[in-house]
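Peer 1: Next come a sequence and a model predicted from it.
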Amino acid sequence: MFGRCANPVCSCSRHPEQGKLFRLDVEIGNSAGATKIRTVYVWLCDRCALRMNPRIEVAGHTVRVLLAALPKPPALGVSHSAFVN
């Protein structure tokens with residue numbers, strides 16, 4: 001199904017017990033008003049799945065999968081004032 005991570009800069013090979021498989025359902029419409037659902041699967045290795053999320057861009061009948069960076073969580077720092085007596 002997938003030989004390697006969908007991130008083009010990652011060289012990780014797919015292992016069935018690792019990574020995350022995303023299912024993206026895309027609704028594609030035509031000029032007659034009819035719509036068709038297309039399903040796209042994207043596999044990311046564990047490391048890339050923690051840092052990015054796939055999203056879809058549709059232009060006519062062309063469907064592109066883009067990898068968007070996830071927002072960084074706020075830093076969990078220790079306040080220095082906690083150690084002041």
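Peer 2: Here it is on my side, so go on.
Peer 1: did I read that right, Leu50 in a helix?
Peer 2: Yes. Under DSSP: H, G, I helix; E, B strand; the rest coil, Leu50 falls within a helix.
Peer 1: Tell me how far it lies from Ser13.
Peer 2: Per Cβ to Cβ, to the nearest Å, Leu50 is found 18 Å from Ser13. The way it works is simple: take the backbone N, C-alpha and C, and place the C-beta from them, glycine included.
Peer 1: cool, and Ile28?
Peer 2: Taking Cβ to Cβ, one finds Ile28 at 31 Å from Ser13.
Peer 1: Which strands border the host helix or strand of Ile28, and is each parallel or antiparallel?
Peer 2: Assigned by DSSP states H and E, Ile28 belongs to strand 20-29. Strand 20-29 pairs in its sheet with strand 35-44 (antiparallel), by DSSP bridges.
Peer 1: Next, the buried residues of the partner strand.
Peer 2: Neighbour-count burial for strand 35-44 flags 42-44 (criterion: 16 or more other Cβ atoms under 10 Å).
Peer 1: In the sheet, which residues pair with Ala69? Tell me.
Peer 2: Under the criterion used (DSSP bridges), Ala69 bridges to Met52.
Peer 1: if I look at the closest residue to Gly29 other than its chain neighbours, how far off is Val63?
Peer 2: Computed as Cβ to Cβ, 6 or more residues apart in numbering, the closest residue to Gly29 that is not its neighbour in sequence is Thr35, at 4.6 Å. The gap separating Thr35 from Val63 is 14 Å, by Cβ to Cβ.
Peer 1: again, but for Ile56
Peer 2: On the measure of Cβ to Cβ, Ile56 and Val63 end up 6 Å apart.
Peer 1: Overlap in contacts, these two.
Peer 2: By the contact definition Cβ atoms under 8 Å, 6 or more residues apart in numbering, Ile56 and Val63 are jointly contacted by 26, 40.
Peer 1: Would you confirm that Met52 contacts Leu66?
Peer 2: No. The criterion here is Cβ atoms under 8 Å, and Met52 misses it with Leu66 at 9.5 Å.
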